[in-house]
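**Student:** Whatever this is, show me its structure:
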Amino acid sequence: MQSFLVSSRSQLLPLTSNDTIYRFVLGFAYAEIKEIHKDLPDVHATFDNLIANLRSGLEDLESQIEADVASARQSVLHGGDLDEASAPAVVEAEDRARKVRERRAKDIETARNELGLVWIMLMRFARRSEGLKPARTVFAKARKDKWCAWAVYEAAGESGKSEPQQKLIEG
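**Tutor:** Numbering: from 1, shown residues only. Take a look at the predicted model:
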């Protein structure tokens with residue numbers, strides 16, 4: 001399914017996979033509209049979809065980086081094995097692999113922060129619309145995620161400090 005963005009001149013502009021900012025803005029706007037209309041399951045589905053897409057993108061990025069690292073190693077070793085290579089060749093291969101990882105680390109960090117932002121927005125929505133316990137449940141899911149960013153922990157801590165202590169009534 002092709003997605004489109006309406007420009008200021010009422011033109012439909014196609015969204016590509018690189019238009020992450022538009023996907024966020026549209027996803028957050030859609031979730032806000034659904035929240036205003038009290039369609040909470042649809043809001044959850046929107047956030048779950050954003051999280052699944054970002055998680056999939058992170059997995060793809062990680063496998064692409066690993067392929068780049070393997071390619072960098074093989075370019076030095078000329079298709080040979082690490083066990084059969086000379087010591088200087090192994091050192092150079094590992095140095096190139098390290099440089100590839102360092103160069104692509106910013107991509108991973110950016111993607112992790114984007115995913116963290118969606119988790120934070122979901123926690124805020126859950127707290128606003130459903131209360132403290134659902135927000136804590138969202139945080140519990142977020143922290144179990146392999147790609148959970150530190151900002152999610154910080155946001156969960158800050159939300160607990162900003163409101164007076166509430167007792168959870170277990171039903």
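
**Student:** Now do the SS call for the residue nearest the centre of the chain.
**Tutor:** In the chain, the residue lying closest to the centroid (Cα atoms, centre = their mean) is residue 115, at 2.3 Å. Secondary structure for residue 115, judged by DSSP: H, G, I helix; E, B strand; the rest coil, is helix.

**Student:** Helix or strand: which one has the closest residue to it other than its chain neighbours?
**Tutor:** Spatial nearest neighbour of residue 115, excluding adjacent residues (Cβ to Cβ, 6 or more residues apart in numbering): residue 54 at 4.3 Å. In this view, the C-beta of every residue, glycine as well, is placed from N, C-alpha and C. Assessed by DSSP states H and E, residue 54 sits inside helix 40-77.

**Student:** what packs against that helix?
**Tutor:** Helix 40-77 sits against helix 20-36, helix 87-130, with contacts defined as 3 or more Cβ pairs under 8 Å, 6 or more residues apart in numbering; DSSP states H and E.

**Student:** make it 10 Å
**Tutor:** Helices and strands touching helix 40-77, by 3 or more Cβ pairs under 10 Å, 6 or more residues apart in numbering; DSSP states H and E, are helix 20-36, helix 87-130, helix 132-144.

**Student:** State the mean pLDDT of the longest one.
**Tutor:** Computed over helix 87-130, the mean pLDDT rounds to 89.

**Student:** Taking helix 20-36 as reference, get the angle to that helix.
**Tutor:** 20 degrees (axes from the mean of the first three to the mean of the last three Cα atoms, to 10 degrees).

**Student:** Helix 132-144 and helix 87-130, what's the angle between them?
**Tutor:** Going by the same axes, to 10 degrees, helix 87-130 makes 170 degrees with helix 132-144.

**Student:** how much distance is there from helix 87-130 to the middle of the chain?
**Tutor:** Taking Cα atoms, centre = their mean, to the nearest Å, one finds the center of helix 87-130 at 8 Å from the center of the full chain.
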